[in-house]
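J.: Sequence and predicted structure below; questions after.
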Amino acid sequence: MITIPLTQTPIGASMGSAFSHDIVQMIFYAGPMVKFVMFILLLFSIISWAIIFMKFRLIHKAKQETLIFLEVFREGKGLNEIYAECKSFKFSPIPLLFRAGYSELRRIRRIQGSLNPEKGNETGGDDPSRSQQVIMDNLNRSLKKSTIDQTSRLERAMSFLATTGNTAPFIGLFGTVWGIMNSFRGIGLTGSANLAVVAPGISEALIATAAGLAAAIPAVVAFNYFTHRIWALRSEMDVFTSDFLSMVERQFFKKHMVTTTHEPRHG
């Protein structure tokens, strides 16, 4: 029977103690640099998941409120009634877009006194069509600005998901390279390439690679999903802008034009 002296088994024993437990023990026995890489990736992952849950809640509620508000908007109510109902919506960008357009319309009416195209004013002089066009252009610019603001609000913190998806694999790759470097260093110090020398460094490399992918994959999937949903909301905002301008033109300018056409002319 062949016996192995105890003095020849420290490396094997330490490796066995490291690999006889779960992955937490493997991380515990990793080198300082790999532990630092794992800590960086853990921070990236925690922040990414916090953003994912926050964005999912925000976009889900925004979609629900958008459907409810569009039903109210398309019922044919007046602008004042719609404005009174839209104050309860906090997440959807469409009611906020309506409020911006409505506020701009009230501001124009205060400046001009009324939207009667027969009255001369500083925006259109005595030309009703020019006055109407200037007012519609101002409303359009206000709605476009609000659309940009709401899109920026929905996209807030999305850049961190993109950064995590792009950089986490490379950070994990750095840990991989460092682990392989330690493996070759162990081979050079011991003068042998047995499993007891190579395995610890390779395990560190694999742990860092897995951690980098674990942080990057959810971030990339969430970024693509949220980008698609945000652009869907952006398309609805563009459609709503056209509908809002049409409603303003229908409820104000068309009415005044009909009144002006039927008024008797004196002289």
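T.: Now that the structure is in, tell me what you want to look at. If you're wondering where the values come from, they're calculated on a predicted model, not measured in any experiment.
J.: could I get stretch 51-67 in PDB with only the CA atoms?
T.: What follows is stretch 51-67 as a C-alpha-only set of coordinates in PDB (Å, rounded to 0.1, in the frame of the first residue of the first chain):
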ATOM      1  CA  ILE A  51     -33.600  50.300 -12.600                       C
ATOM      2  CA  ILE A  52     -35.300  47.400 -14.300                       C
ATOM      3  CA  PHE A  53     -38.000  47.100 -11.600                       C
ATOM      4  CA  MET A  54     -38.500  50.900 -11.500                       C
ATOM      5  CA  LYS A  55     -38.800  51.200 -15.300                       C
ATOM      6  CA  PHE A  56     -41.100  48.300 -15.600                       C
ATOM      7  CA  ARG A  57     -43.500  49.800 -13.100                       C
ATOM      8  CA  LEU A  58     -43.300  53.200 -14.700                       C
ATOM      9  CA  ILE A  59     -43.900  52.000 -18.300                       C
ATOM     10  CA  HIS A  60     -46.600  49.600 -17.200                       C
ATOM     11  CA  LYS A  61     -48.600  52.400 -15.400                       C
ATOM     12  CA  ALA A  62     -47.900  54.800 -18.300                       C
ATOM     13  CA  LYS A  63     -49.400  52.300 -20.800                       C
ATOM     14  CA  GLN A  64     -52.500  51.800 -18.600                       C
ATOM     15  CA  GLU A  65     -53.100  55.500 -18.100                       C
ATOM     16  CA  THR A  66     -52.500  56.200 -21.800                       C
ATOM     17  CA  LEU A  67     -55.300  53.900 -22.800                       C
END
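J.: what does that stretch rub up against?
T.: Contacts of stretch 51-67 with the rest of the structure, by CB atoms under 8 Å, 6 or more residues apart in numbering, involve 89-95, 154, 157-158, 160-161, 218-219, 222, 226, 229-230, 233, 236. (C-beta placed from N, C-alpha, C; glycine too.)
J.: just the buried members of the residues you listed?
T.: 89, 91-95, 154, 158, 160-161, 218-219, 222, 226, 229-230, 233, 236 (16 or more other CB atoms under 10 Å).
J.: What about the residues you listed, which are in strands?
T.: Among the buried ones among the contacts of stretch 51-67, no member is found in strands (DSSP state E).
J.: Val248 is in contact with Asn140, correct?
T.: No: Asn140 is beyond contact range of Val248, at 10.2 Å (criterion: CB atoms under 8 Å).
J.: Comparing those two, which residue is more hemmed in?
T.: Neighbours were tallied for Asn140 and for Val248 using other CB atoms under 10 Å; the higher tally belongs to Val248 (19 against 16).
J.: list the contacts for the more buried one?
T.: Contacts of Val248 by CB under 8 Å, 6+ apart are 79, 101, 105, 136, 139.
J.: Out of those residues, flag the one nearest to Phe184.
T.: Gly101 (66.2 Å; CB to CB).
J.: Cool, thanks, talk later.
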